[in-house]
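# Here is a sequence with its predicted model. Questions after.
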Amino acid sequence: MVASSVGIVMAADSTECVRQVRLQSRSDPSPQRLIVHTDWMQEGLNTRIGFGTITFPVIAVWLAMTAALLRGHVADYRFAQTRLGAITPGLIYESAQSGPDRIETTELARLAEGLVGIRHLTLLDPREQRLGHWAAAEPDAVPGLVGGLLRLMGATAPAGSVRRVVAPEADAGEPFLLEIGLAAPIADPQFVQRFRQLLGLSTGIGLIALAVLILVRVRLSRPAHELELALRRLVRGEDAHEITRLPPPYADAAGSIRLLSERLRYSRDHLRTHVLQATDKLHADLNRLRRRVREVETERDSAVTLADSRRELLSGLSHELRTPLIAILGQTDLILRQQPDAATTESMLQIKRSVQSLLTLINDWLEWGRIEAGKLTLNEVAFNLLDTVEDTINLLAPLAYEKDLELVHIIYHDVPRRLRGDAARIQQVLTNLLSNAIKFTQHGEVVLRVMSREDLGDDVVLGFQVSDTGIGIPEAQQQRLFHAFNRADHGDAAVQPGTGLGLSISRQIVRMMDGQIEFDSTEGQGSRFEAVMRIGKQSRRPDQPLAWTGLKHRQVWLLDRHATARLALRHCLEYWNTELTEFDDPALASAQLRSTRRPPDLILVGVTAAQVTDGWLHALLQEGHRRHAPVVVLVTSIDHQILARLRDLGANAALPKTVDRESLYRELIGALEYSAEPQRRPLEGVSCLVVENNVTNRRLIVRSLQDNGAQVLEATDGDTGLEMAQQHTPSVVLLDHRMPGRDGVDTARALRALDGGKGFLIIGLSASVSPELRERWEQAGADSVLEKSAEDRVLIRHMLRLTEQSTSGELELTADPELRDMLLEELPLQLDAIQQAWQRKNTREVYDAVHQLHGTAAFYKLHSLREISRRLEARLAALEDSDALGELDPLRSTLSSQVDAYLLKLQQSRPNPV
């Protein structure tokens, strides 16, 4: 492609009279110069200067000449007037020969005819008696330019107003007096006429001189003007070769300009040719580019379609793979609970570890696919941080205990428990950091510390710090640690490097939570990773009645040789307000137990799996039994045989060290035989309906629910589940997401639409829960949706909390007749207001009515109604068009069903009239 242009630059040198014209093209960077010695330019300049220097002096000379003539004429006139004094006496003498009595006006008039500039004459006798008087007629005013010039030159004032002349008497008697009044020159018509003639003559001479100068200037400057116009045409890019014949001083310059014009025209034509060629080439390139863009767009669309298909396939495969893997994990747990022999236990544990590794691999690949597609999102829900941390620790405990490692977690007291965020993503980050620490640590400990970094009001910045005593990270690998598919290789064949995706995925998740991952590591000493995340806080509300009061002021001894594990247990016991005494030496604890007069209420002992056979532990258990001090042992193992052996040795309870806080609390209360805490199964009195088409998964869920005291009904598909729900009215309905025919979401929507508003607690179960899937379940009216897990404790704990929330408020209402009657009156009115505003499609009125119902449900502690009204209120706030209200009909139906269910229960709680 050729891009060029032509530029003309003119420069004038005042000393050498040289005009330089530079011709430059972008295609030829070297400029071409034409240097023209233009004497005509200097001559043209001289012509202009000469005309100016001659014209103005001519005008000045003309004015000076005119003024001089006028002044001379005025001077002559005044001189003539001054001569009157000399000639007048003689004239008077001659006129007075006949005597003064004969002097008359006519005689004075005749006398004045020969004089210049006389305005009047008066003859007086010696006694100044008037003998005669003559006055000239008043002259006409002189108008126009002539009058102005006369006034300017002083021709309007006489030399003297009045003069008196003495003349002798004829008989040598007393003299006569003649009073002469002089006139101004402008009053003399003859003077004015002569002045006009003189002015016309001088003006004519000046005009003739000016005309001659103009003709000379035009003739002299025409060639220079033509050359200047030619140069201006060149500057504008026009041709300038048509120049008329010029006289010799200008002929050379004209030839140079014609030559320059020819060169410019040639350059312009050459440039136009190059531009046309370049334009054609550009069009061709553009057409090729457009074709390539269309091909790329087609390839991109195909790739996107393929990626979407692959993602859908992977999502389906994920569900299909996770479902049997979770079933395998559940079956291994059931077998391990039956306390098989050592060989079977080892096989089951190996199967469990392998399945968990496979699940982790599947999850990593799915998450990385979401990151590449830009669809990695956060699903913010209310959660308990303690549950999230403990679930993660329990999940990884077998990996740590297999190496006889101490797996410790410490949540400091200033960390809020009730948070709002994506608990699953937080657990994913913690799982990755902890599993890496366990993988690369062969001896010692892996510690998770949760600390509050900054309180931001509605949010809190938490630091999740994972430290280990492992082999550390070589400095050469630290720079690529968070790169995708980077696999750390420590030269240890026993350590599998993994996929290299975990840390990269974790960093993406932490960044989405306005945080970052920091780390430091020393090879041979261990590593420390800290994920700092910003998480929302729930609105404050009082804890449940079961708020850790059973151990208050109890004397508890804590024995653990491991300082970090002892610190974690101390945090729990201090939180429960116990009176704590710590020991790190078993011999000292045994000696003090034997010698104390008041044994403790409870002894909590932490040991490793290798210390179970130590003699000091057996002696301590026996001494505790003798002193009636219950002993609870925490061990770094989940082996049921080891736990059973500890109980056989005399422990009141034996638990893994990673036991969750709630279970530990219950076991300690049970060891104390605390009468206020009845030992009953958690789900006693709760009726459940499990709708799951997979036989293995359904049996695992049913077995877990039954072991915890629930009454369970089973259904294999959604339609059967609907029929059984209508017949038996269970408290809780568990629905699988993927089922043949009616899936879980449709079944939940149909359950909410059942007549009578049964008010089921609906829990959805899915192999993986995305934000979009959770929203679908919520719109269908589900109370919650859980990801399927082999850990049945997660499901049991979630059901316990839902059932406690749904009954705690109702118990208060049925116990207070006044509150019950007020609610029976308010709920129908508020529901009717929602229905009427909905029919009018007035979004603002609907929002206000739902907001009022939300406040009522919160005040009366109607937890299910409050949750569904909160969801509907949030959807209404984000609604932009009233025509989209129809999309929220399922939520409105669920809300109506909840209100009807509460009204029915309130009516049933009224006492029968006597």
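Perfect, I can see it now.
# which residues in the stretch 351-500 of the chain form strands?
Taking DSSP state E, counting those that start in this stretch as the test, the strands found in the stretch 351-500 of the chain are 381-384, 406-411, 418-421, 445-455, 459-468.
# ugh, wrong one, I meant the stretch 501-650 of the chain
Going by DSSP E, counting those that start in this stretch, the stretch 501-650 of the chain shows strands at 516-522, 526-537, 555-560, 579-583, 602-607, 631-635.
# Could you tell me how far the first one lies from the centre of the chain?
Taking CA atoms, centre = their mean, to the nearest Å, the mean C-alpha location of strand 516-522 is offset from the chain mean by 30 Å.
# Remind me what it packs against, helices and strands.
Strand 516-522 is packed against helix 502-512, strand 526-537, with contacts defined by 3 or more CB pairs under 8 Å, 6 or more residues apart in numbering; DSSP states H and E. Where C-beta positions appear, they are placed from N, C-alpha and C, glycine not excepted.
# quick one: average pLDDT of the shortest one?
It stands for helix 502-512. Helix 502-512 shows a mean pLDDT of 86 in the predicted model.
# List the buried residues in that helix.
Neighbour counts over helix 502-512 (16 or more other CB atoms under 10 Å) mark 502-510 as buried.
# From the centroid of the chain, which residue is nearest?
Centroid-nearest residue in the chain: Asp514, 14.6 Å away (criterion: CA atoms, centre = their mean).
# That one - nearest residue in space that isn't next to it in sequence?
Nearest residue to Asp514, sequence neighbours excluded (CB to CB, 6 or more residues apart in numbering): Arg534, at 4.2 Å.
# What's the local residue count around the one you found?
By other CB atoms under 10 Å, the residues close to Arg534 number 16.
# same question, the one 3 residues further on
Applying the criterion other CB under 10 Å, we find 17 residues in the vicinity of Lys537.
# So that it lines up with my notes, have the first residue be 853 from now on.
With 853 as the first residue, the last one maps to Lys1389.
# Quick one: residues contacting it.
Under the criterion of CB atoms under 8 Å, 6 or more residues apart in numbering, the neighbours of Lys1389 are 1268, 1270-1272, 1310-1312.
# Over to Asp1588?
1543-1546, 1549, 1596, 1617-1618.
# Which ones among those residues lie within strands?
Residues of these located in strands (DSSP state E): 1543, 1617-1618.
# If you rank those by neighbours, which is first?
Going by other CB under 10 Å, Val1543 tops the ones in strands among the contacts of Asp1588 with 28 neighbours.
# quick one: that one from Arg1653, how far?
Val1543 sits 21 Å away from Arg1653, going by CB to CB, to the nearest Å.
# thinking again about what came up before, out of the helices and strands packed on strand 1368-1374, flag the one nearest Leu1282.
strand 1378-1389 (7.7 Å; CB to CB).
# If you count neighbours, what's buried in that closest one?
Buried residues in strand 1378-1389 (16+ other CB under 10 Å): 1378-1387, 1389.
# Which helix or strand in this protein has the lowest average pLDDT?
Scoring the helices and strands of the chain by mean pLDDT, DSSP states H and E places strand 858-865 at the bottom, with a mean of 38.
# Can you say which of the contacts of Lys1389 are buried?
Using 16+ other CB under 10 Å, the buried members of these are 1271-1272, 1311-1312.
# Could you work out the most separated pair of those?
Arg1272 and Val1312 (10.4 Å).
# Now the common contact residues for the two.
Common neighbours of Arg1272 and Val1312, counting by CB under 8 Å, 6+ apart, are 1387-1389.
# pLDDT below threshold where in the stretch 1353-1502 of the chain?
The stretch 1353-1502 of the chain contains residues with pLDDT under 70 at 1391-1400.
# Switch the strands of the stretch 1353-1502 of the chain over to a markdown table; also include distance to Leu1051.
A markdown table is the format used below for the strands of the stretch 1353-1502 of the chain (distance: least, CB to CB, whole Å):
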| stretch | distance to Leu1051 |
| --- | --- |
| strand 1368-1374 | 102 |
| strand 1378-1389 | 102 |
| strand 1407-1412 | 134 |
| strand 1431-1435 | 132 |
| strand 1454-1459 | 135 |
| strand 1483-1487 | 135 |
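# looking at these, which is closest to Pro1041?
Evaluated over the strands of the stretch 1353-1502 of the chain, closeness to Pro1041 peaks at strand 1378-1389, with 112.6 Å, by CB to CB.
# Show me this structure divided up by domain.
906-1062, 1229-1389, 1407-1523, 1539-1665, 1668-1760 (automatic domain parsing).
# now those domains in a markdown table, with distance to Ala1103?
Shown next, in a markdown table, are the domains of the chain (distance: least, CB to CB, whole Å):
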| stretch | distance to Ala1103 |
| --- | --- |
| domain 906-1062 | 27 |
| domain 1229-1389 | 80 |
| domain 1407-1523 | 108 |
| domain 1539-1665 | 90 |
| domain 1668-1760 | 83 |
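# so which of those gets nearest Ala1195?
Smallest distance to Ala1195 across the domains of the chain (CB to CB): 11.4 Å, for domain 1407-1523.
# any idea how far that closest one is from the chain center?
56 Å.
# Repeat that for stretch 1355-1366.
20 Å.
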